[in-house]
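Asker: Here is a sequence together with a model predicted from it:
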Amino acid sequence: MKRDRLKKLAADKRFISGIYNYCDRWCERCPQTSRCLNFSVSEEEFSDPETRDIQNDAFWKKLSGVFQETLELLKESAKKWGVDLETLDSKGDLEDIKAKDAAVKNHVLSRAAKRYSGWVEDWFQERETLFFEMAAAAREEVSLEEAIEVIRWYQYFICAKVMRAIHGKSEEEEDGFDEFPNDSDGSAKIALIGIDRSIGAWAVIQHYLTDDDKEVIDLIAFLDSLRQAMEETFPEARSFIRPGFDATDPSG
Ligand code: SF4
């Protein structure tokens, strides 16, 4: 995509500023694709079936083109705002970033969210054949397939957003920023939404299981504990207004 076209799209009033910052990235199920710049850029760039194929060389060339254009735009904006991009990655900064990343990974919430991701993986692997048979038998009951789709979508997403929220909170505390709304609450909110939806999807699965699978109850209870711990750590998260999704005025 040419830089002029990217600039023109970025200035288009129909797009909600920053809508993609606190969404779940599930564009196929998103009700706001027409108002999302991120989605429109991808559609324009990758609308040719060939370019959609990640095996295809054209995909990587296109992606590289988008990356280069974006970098140029970033440099232009940085210049405009007087930000020196060269000084941002000094050795000290990198070491600091590494230390912060390690602290985020070791946080009790991150470890719990990661444990959930791995647990789901093991659970599905053990029951792969069973689910294939159940889905085939209940062809008209879409909800089982949907429940699996929802759990799989959020399985790793929750952990990524929990870690982002913790990282953001520690930065905000370091900078003395305690005003609402802040980015960590936005990340915590979308993590909580993923948790809520996953709990609902697990409940659907439980309904389909005939052998009283105790592990499903354990998984739901574990997710519920994670939900409560997130709400305690991020008490303002549920009130965070995500542009385009929670605002009463859609221009948010
Ligand atoms: S806002 Fe919707 S369309 Fe845009 S990136 Fe997020 S899920 Fe995809």
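Answerer: Yep, that arrived. Numbers count the residues shown, from 1 in each chain.

Asker: For the stretch 1-150 of the chain, list the residues in contact with the ligand, please.
Answerer: 19-20, 23, 25-27, 30, 32-33, 36, 38-39 (C-beta under 6 Å from any ligand atom). C-beta here means a position set from N, CA and C on the backbone, and glycine is covered the same way.

Asker: among these, who's most crowded?
Answerer: I19 (22 neighbours; other C-beta atoms under 10 Å).

Asker: Kindly tell me how buried the residue in the stretch 101-250 of the chain that the ligand sits nearest to is, as a neighbour count.
Answerer: Going by C-beta to the nearest ligand atom, the ligand is nearest to G244 of the stretch 101-250 of the chain, at 6.6 Å. Residues lying near G244 (other C-beta under 10 Å) number 23.

Asker: measure it to P31 for me?
Answerer: If you measure G244 against P31 using C-beta to C-beta, to the nearest Å, the figure is 9 Å.

Asker: ok so, going back, how about TSV for the residues of the stretch 1-150 of the chain next to the ligand, with pLDDT and secondary structure added?
Answerer: Listed next are these as TSV, based on pLDDT from 0 to 100; DSSP: H, G, I helix; E, B strand; the rest coil:
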residue	pLDDT	secondary structure
I19	90	helix
Y20	91	helix
C23	93	coil
R25	91	coil
W26	89	coil
C27	87	helix
C30	87	coil
Q32	87	coil
T33	87	helix
C36	90	coil
N38	87	helix
F39	87	helix
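
Asker: Look up phi and psi at E44.
Answerer: Backbone torsions of E44, given as degrees, to the nearest 10, read phi -70, psi -40.

Asker: tell me the pLDDT at it?
Answerer: What the model reports as pLDDT for E44 is 77.

Asker: before we move on, what about E126?
Answerer: pLDDT, E126: 80.

Asker: That one: neighbour count?
Answerer: By other C-beta under 10 Å, neighbour count at E126 equals 10.

Asker: before we move on, what about Y154?
Answerer: 27.

Asker: how about the nearest residue to it, chain neighbours excluded?
Answerer: If the residues on either side of it in the chain are set aside, Y154 comes closest to G194, at 3.9 Å by C-beta to C-beta, 6 or more residues apart in numbering.

Asker: That neighbour against D24, yeah?
Answerer: Yes: counting by C-beta atoms under 8 Å, D24 is a contact partner of G194 at 6.3 Å.

Asker: pull the longest helix from the protein.
Answerer: helix 142-174 (DSSP state H).

Asker: Any regions of this protein where pLDDT drops low?
Answerer: 1-2, 46-71, 73-74, 77-78, 81-94, 128-143, 180, 210-213, 247-252 (pLDDT under 70).

Asker: swap the cut-off to 80 and go again
Answerer: Flagging of the chain using pLDDT under 80 yields the residue ranges 1-7, 10, 44-97, 127-144, 146, 176-181, 203-204, 206-214, 247-252.

Asker: Tell me which stretches of it form helices.
Answerer: According to DSSP H, the helices that the chain contains are 3-11, 37-46, 49-52, 57-81, 91-106, 108-126, 128-137, 142-174, 183-208, 214-233.
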